[in-house]
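Trainee: next comes the sequence, and after it the predicted model I'd like to discuss.
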Amino acid sequence: MILVRHELGEVLRERRQDLGLTLRAVARDSSVSFGYLSEVERGSKEASSEVLVNLAGALGLSLGQLMTSVAERVNRAERVTAPVPLPVAENRSDIQAA
């Protein structure tokens, strides 16, 4: 199952690491506690929209940019986890004839 909070956490972590920032620096710049930010990045907490705006800003993103990145990850994950259709007999007589 795809969880948005997991994808969001991955986007935040990747962006933070790409910028060479520590959890502590982002927590300070976003006014979000270090522990809470860590939990959001791990996908174990769901952040409010206010927290997301602060985190996005600390990472040099708008909320829209952050959410677009999350949506892209969700779309990718959906393509990878989509069920594969299997051939199915037209009717029961096809199965019995085989």
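Mentor: Structure received.

Trainee: how deep is Met1 tucked in, by neighbour count?
Mentor: 5 (other Cβ atoms under 10 Å). Yep, even glycine has a C-beta here, placed from its N, CA and C like the rest.

Trainee: so where is this structure shaky, pLDDT-wise?
Mentor: Residues of the chain that meet the criterion pLDDT under 70 lie in 82, 89-98.

Trainee: scan it for its longest helix.
Mentor: The single longest helix within the chain, with elements called by DSSP state H, is helix 63-81.

Trainee: can you list contacts of that one?
Mentor: Residues from elsewhere that reach helix 63-81, judged by Cβ atoms under 8 Å, 6 or more residues apart in numbering: 2, 4, 7-8, 10-12, 15, 49, 52-53, 55-56, 59, 61.

Trainee: for Ile2, give me phi and psi.
Mentor: Backbone torsions for Ile2, taken as degrees, to the nearest 10, come to phi -90, psi 130.

Trainee: name the helices or strands packed onto the helix or strand hosting Leu12?
Mentor: The secondary structure element spanning Leu12 is helix 4-18 (assigned by DSSP states H and E). Counting contacts by 3 or more Cβ pairs under 8 Å, 6 or more residues apart in numbering; DSSP states H and E, helix 4-18 is packed against helix 34-42, helix 63-81.

Trainee: still on that earlier bit, tell me the buried residues within the contacts of helix 63-81.
Mentor: By the neighbour-count criterion of 16 or more other Cβ atoms under 10 Å, these include these buried positions: 7-8, 10-12, 15, 52-53, 55-56, 59, 61.

Trainee: circling back to that earlier point, buried set for the longest helix of the chain?
Mentor: Counting neighbours by 16+ other Cβ under 10 Å, one finds that the buried residues in helix 63-81 are 66-67, 69-70, 73-74, 77.

Trainee: tell me what angle it forms with helix 4-18.
Mentor: Taking axes from the mean of the first three to the mean of the last three Cα atoms, to 10 degrees, helix 63-81 and helix 4-18 form an angle of 120 degrees between their directions.
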